[in-house]
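Peer 1: structure for the following, please:
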Amino acid sequence: MFVNHSCLTCRPGADRVIDYESNVVNLPQHFRGPPTSGNGGVATGLYACLGARFLQTDVAQLQVRLHQPVPLSTDLEFHEERLDNETVAVTIGVNGGTVLSGWASSKTNEPVMSQDTASELQEHVNLSEAQKKRFESYKEVFGPSKDHFAECFVCGPDSQLGLRLRLRQITDQIFWQEWNPESRWDDRGALASLPAIAALDCTSALGFYVNGFLGEDESCLLGTYDAAITSLPSFGSNEGFRVISKTRERVGRKIYSDVGLFGASGEIHVLGKATWIVVSPEVAKGHREEAAG
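Peer 2: Numbers count the residues shown, from 1 in each chain. As a prediction, the model looks like this:
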């Protein structure tokens, strides 16, 4: 049975983002990604709550496109359109311009990654001794924008209200992190949808430099994000969760990356595919605009 949609992003408090009475979303400063704009994973996570509100049931899949940097501390109007009984499209914008567009559905339309890839991520939930040693000895390869993302909500080590997720390499292709969310993200006994989806944003890109998908003079910004939600995990597991990612490929200025949120016993909670757009470090910092290719 569907539980009232009112979640952490709707209720009064530091993490309230959605105001249904005014039909606006407003990202507080601690939800930043790049230095001057909102985190793309957080923006995508809003679609789980918006979709649940409009569909009056849990969201099983969503897809979001970022058209421009998401302004912080700014009222952004949203408009919904029912596409069918199971799917709603939502557009979020400001001053007549589109910031985000996408849809949320109570059904799974198509897999966000192949079964082989999902199984490969899943089989690395628990590490071998060799993988543990590689994880513990891993040294990050920082890109040219790293100092400017220190307060990013998802991956920034200096983000006091953030998730601070820094995946490390455990095989040549797989990156991994154990995650024990703070009690702040307990939403009536389950992990809140916004951090569950946001956790699969930057974490899908942390291997781009070490694996050669980005050069020394390149950075990237999130372009689109597809997520399939099997379940929002029960909160308070002593064994925590696992965030696991693998970069799929780079095609021109686009990088495709697969990432998942798993339980300690291998349960699949959320699977995501992130499409990143390669830009200059200056654009990634928000200093100037550059058309996505």
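Peer 1: what about residue 178, distance to residue 185?
Peer 2: Going from residue 178 to residue 185 by CB to CB, to the nearest Å gives 15 Å. All C-beta atoms are positioned from the backbone trio N, CA, C, and that covers glycine.
Peer 1: what does residue 213 give?
Peer 2: 30 Å.
Peer 1: go on, residue 246?
Peer 2: Following CB to CB, the distance that separates residue 246 from residue 185 is 25 Å.
Peer 1: so where do the strands sit in the stretch 1-150 of the chain?
Peer 2: Taking DSSP state E, counting those that start in this stretch as the test, the strands found in the stretch 1-150 of the chain are 18-19, 24-25, 61-66, 76-84, 87-94, 97-105.
Peer 1: most packed of those strands?
Peer 2: When these are scored by mean count of other CB atoms under 10 Å, the highest mean neighbour count falls to strand 61-66 (a mean of 23).
Peer 1: need the contact partners of it.
Peer 2: With CB atoms under 8 Å, 6 or more residues apart in numbering as the test, strand 61-66 has contacts from 40, 43-44, 47-48, 51, 99-105, 107-109, 112, 197, 221-229.
Peer 1: tell me the angle it makes with strand 97-105.
Peer 2: Using axes from the mean of the first three to the mean of the last three CA atoms, to 10 degrees, the direction of strand 61-66 lies 170 degrees away from that of strand 97-105.
Peer 1: give me the sheet partners of strand 61-66 and which way each runs.
Peer 2: If you go by DSSP bridges, strand 61-66 pairs up with strand 97-105 (antiparallel), strand 219-229 (antiparallel).
Peer 1: so which of residue 178 and residue 185 has more stuff around it?
Peer 2: Neighbour tally, residue 178 and residue 185, criterion other CB atoms under 10 Å: the higher count belongs to residue 185, 18 against 14.
Peer 1: give me phi/psi at that one?
Peer 2: phi -100, psi 10 (degrees, to the nearest 10).
Peer 1: OK, contacts around it?
Peer 2: By CB under 8 Å, 6+ apart, the residues touching residue 185 are 8, 191, 192, 195, 235.
Peer 1: go on, residue 88?
Peer 2: Counting by CB under 8 Å, 6+ apart, residue 88 has contacts 50, 51, 54, 55, 80, 81, 82, 103, 104, 105.
Peer 1: now those in TSV, with distance to residue 201 and pLDDT?
Peer 2: Output for these, formatted as TSV (distance: CB to CB, whole Å; pLDDT from 0 to 100):
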residue	distance to residue 201	pLDDT
50	17	94
51	18	94
54	23	93
55	23	94
80	23	96
81	25	97
82	27	96
103	18	98
104	17	97
105	20	97
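Peer 1: residue 254 against residue 275, yeah?
Peer 2: Yes. Between residue 254 and residue 275 there is a contact at 5.8 Å, judged by CB atoms under 8 Å.
Peer 1: now do the shared contacts for the two.
Peer 2: With CB under 8 Å, 6+ apart, residue 254 and residue 275 have common neighbours residue 223.
Peer 1: more crowded one of those two?
Peer 2: Remark: of residue 254 and residue 275, residue 275 carries more neighbours, 20 against 16, as counted by other CB under 10 Å.
Peer 1: as TSV, the strands paired with strand 61-66 with distance to residue 151 would be great.
Peer 2: Listed next are the strands paired with strand 61-66 as TSV, based on distance: least, CB to CB, whole Å:
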stretch	distance to residue 151
strand 97-105	21
strand 219-229	16
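Peer 1: relative to residue 163, which of the ones you listed is closest?
Peer 2: strand 219-229 (15.4 Å; CB to CB).
Peer 1: following the closest one, which helix or strand comes up?
Peer 2: strand 241-251 (DSSP states H and E).
Peer 1: list the helices and strands that following strand packs on?
Peer 2: helix 115-122, strand 174-179, strand 254-263, strand 268-279 (3 or more CB pairs under 8 Å, 6 or more residues apart in numbering; DSSP states H and E).
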